[in-house]
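Peer 1: Next comes the sequence, and after it the predicted model I'd like to discuss.
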Amino acid sequence: MSKKPETGAVEAHYNTLIAPVITEKSTIAAEHNQVVFQTPITATKPEIKEAVEALFKVKVKAVNTLRVKGKTKQFRGRGYTRSTVKKAVVTLEEGHSIDVTTGL
């Protein structure tokens, strides 16, 4: 009898990783076995590690997080503030890799 993960647990993993961050800097980090994800502000490092290991079936070495404060911008004379986001830089063990361009 095979054990299937609970749907609530899988859904929680999908909610933990909002989207991969694909920038020039994150592409350079990919050469060093690192992947960058956007996560909810409330996500913790152990939750992020568990979600990446479960969804991509890789071994995570470390997780570093940073909060990017929302900038104040102007559009047609009206001011607004962009949302504050949290990024997670996930370092993978040697021999493991994630291709974020293919999706899940």
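Peer 2: Perfect, I can see it now. Just so it is clear, the structure is predicted and the values come from calculations on it, not from any experiment.

Peer 1: Identify each of the helices in the chain and give its residue range.
Peer 2: 7-16, 24-30, 45-56 (DSSP state H).

Peer 1: The longest one packs against which elements?
Peer 2: It stands for helix 45-56. helix 7-16, strand 34-39, strand 60-68, strand 85-92 (3 or more Cβ pairs under 8 Å, 6 or more residues apart in numbering; DSSP states H and E). All C-beta spots, glycine's among them, are computed from the backbone N, C-alpha and C.

Peer 1: Mind doing that once more with 6 Å?
Peer 2: helix 7-16, strand 60-68 (3 or more Cβ pairs under 6 Å, 6 or more residues apart in numbering; DSSP states H and E).

Peer 1: beta partners of the spatially most central residue of the chain?
Peer 2: For the chain, F37 is the residue whose C-alpha lies nearest the centre (Cα atoms, centre = their mean; 2.2 Å). Beta-bridge pairing for F37 (DSSP bridges): P20, A88.

Peer 1: In this structure it contacts K87, no?
Peer 2: No - assessed by Cβ atoms under 6 Å, F37 is found out of contact with K87, at 7.1 Å.

Peer 1: So, low pLDDT: which residues of the chain?
Peer 2: 1-6, 101-104 (pLDDT under 70).

Peer 1: ok, now with 80
Peer 2: Along the chain, the parts satisfying pLDDT under 80 run over 1-8, 100-104.
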